[in-house]
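J.: next one to model:
(one chain, ligands or ions: 1)
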Amino acid sequence: MSISDYSDDTKVIKTTTRPDPATGALNPPIQLSSTFAQPDLDHFGKYDYTRSGNPTRDVLEESIAELEHGTRGFAFATGMAAISTAFLTLHQGDHVIVTNDVYGGTFRLVTELLPNYGIEYSFVDLDDEAALKAAFKPNTKVVYVETPANPTLKVTDIKKVVKIAHEHDALVFADNTFMTPIFQKPLDLGVDLVLHSGTKFLAGHSDILAGLIVTKTKELGDAVYFIQNAMGATLGVSDCWLLLRGIKTLGIRMKAEAANALAISKWLQEQPIVQRVNYPGLTDFKGHDVQFDQAISGGAVLSFDIGSEDNVRKLVKELKIPVFSVSLGAVETILSYPPKMSHAELSADERHARGISDGLLRLSVGVEDVEDLEADFAQAFAKIAEKQRV
Ligand SMILES: *Cc1c(COP(=O)(O)O)cnc(C)c1O
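T.: Okay, the predicted model is just below:
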């Protein structure tokens, strides 16, 4: 059996743990060296300078490539550095189609930076097949997908988008941050390039920032490698090691967090104050069937609406277990308020058009005891109801 034959729960261990032949050390050393000594003028070793390649980063890049079923992986300083690098494979005069429900940082990059380099964009509801087909231009080179989307958890049918994009000779890039390869493998569904904010589930402990790219073909991998080395937004060596540490428990964390998210989603649906729960794991959620066709879980992120900003303010004040902050994908449960956090740059009208109502909260469920979490929400909801009565 080779590593590729193992299941993911074995792979996360075997790709991150490599006994050193010289010492037996299980973990790859944190190879803190910017430069590497060369034997002589005529023989150069595998490594010369850490921007171009580093042994610790190599282990991480090979691990994510293996987990995503790609040919080559790349590690960057942040998710946005990875996403920027992916867009730099485009050229002046190219056009990209981007999902309406894209991460805020990606929206900013596409709308405010790419035009400076002569790259055009169109935002499209990727659910709307006719709108997607109509958005292609002769110079369209990439369709950019993110599913499930933030914070509505809207699900995009990856295979459908891939089919249409490839018919138009465009590549598909997919941000797989919310699912991770444990739950969804976009390259197996035909996607050409996968992106991650490694800051979230892959690192898993709200400690480091990181970004990753995995490519399907060697050619696209070569293009990304050239930009990674030329632009230089590589992940620092110590953070590569921390990300490897995070990946070791990715399988068990994702499963525990998703089980908690499903339980809390069902529980929230029964609470009178909750008007709506968005979670792809719920059988009555709109994208549920597509989700379970292309992924094996609904994930660990959900959102729910408690009617008003006023109720949100009270809830945040009363809750004791979840931390109230931006970000997601960690062992601790993180509650965030998209209208004032991730989507603060949108106008109220733009937010409402995307289903981001004033009472909407996003919950990234951690590994705490699910009954403790429910009891905490129950006491907070009771206090809000009490205040409404007096
Ligand atoms: C956080 C996030 C990013 C950006 O990653 P950083 O590590 O913060 O730069 C991109 N996409 C998604 C879906 C994210 O959640």
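J.: got a list of what residue 299 touches?
T.: Counting by CB atoms under 8 Å, 6 or more residues apart in numbering, residue 299 touches 148, 153, 178-179, 183, 254, 258, 261, 280-281. Glycine gets a C-beta too; all of them are placed from N, C-alpha and C.
J.: try 10 Å
T.: Residue 299 sits next to 148, 153, 178-180, 182-184, 201, 254, 257-258, 261-262, 279-281, 291, 329, 364-365 when contact means CB atoms under 10 Å, 6 or more residues apart in numbering.
J.: return only those of the residues you listed found close to the ligand.
T.: Checking the contacts of residue 299 against the ligand by CB under 6 Å from any ligand atom, not one of them is in range.
J.: so of the residues you listed, which ones are in helices?
T.: Members of the contacts of residue 299 lying in helices (criterion: DSSP state H): 180, 182-183, 254, 257-258, 261-262, 291.
J.: need the residues you listed in JSON lines (columns: neighbour count and pLDDT).
T.: Putting the ones in helices among the contacts of residue 299 into JSON lines (neighbours: other CB atoms under 10 Å; pLDDT from 0 to 100) gives the following:
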{"residue": "180", "neighbour count": "29", "pLDDT": "98"}
{"residue": "182", "neighbour count": "25", "pLDDT": "98"}
{"residue": "183", "neighbour count": "21", "pLDDT": "98"}
{"residue": "254", "neighbour count": "25", "pLDDT": "98"}
{"residue": "257", "neighbour count": "25", "pLDDT": "98"}
{"residue": "258", "neighbour count": "22", "pLDDT": "98"}
{"residue": "261", "neighbour count": "25", "pLDDT": "98"}
{"residue": "262", "neighbour count": "21", "pLDDT": "98"}
{"residue": "291", "neighbour count": "27", "pLDDT": "98"}
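J.: nearest residue to the most centrally placed residue in the chain in space, please, no chain neighbours.
T.: The residue lying closest to the centre of the chain (CA atoms, centre = their mean) is residue 177, at 1.1 Å. Of all residues not flanking residue 177 in the chain, residue 197 sits nearest, at 4.6 Å (CB to CB, 6 or more residues apart in numbering).
J.: hmm, residue 243 and the one you found touching each other?
T.: No. In this structure residue 197 lies outside contact range of residue 243 using CB atoms under 10 Å: 11.3 Å.
J.: mutual contacts of these two, please.
T.: Counting by CB under 10 Å, 6+ apart, the shared contacts of residue 197 and residue 243 are 203, 209-210, 212.
J.: would you check which pair of the residues you listed lies furthest apart?
T.: Spatially, the most separated pair among the shared contacts of residue 197 and residue 243 is 209 and 212, at 11.7 Å (CB to CB).
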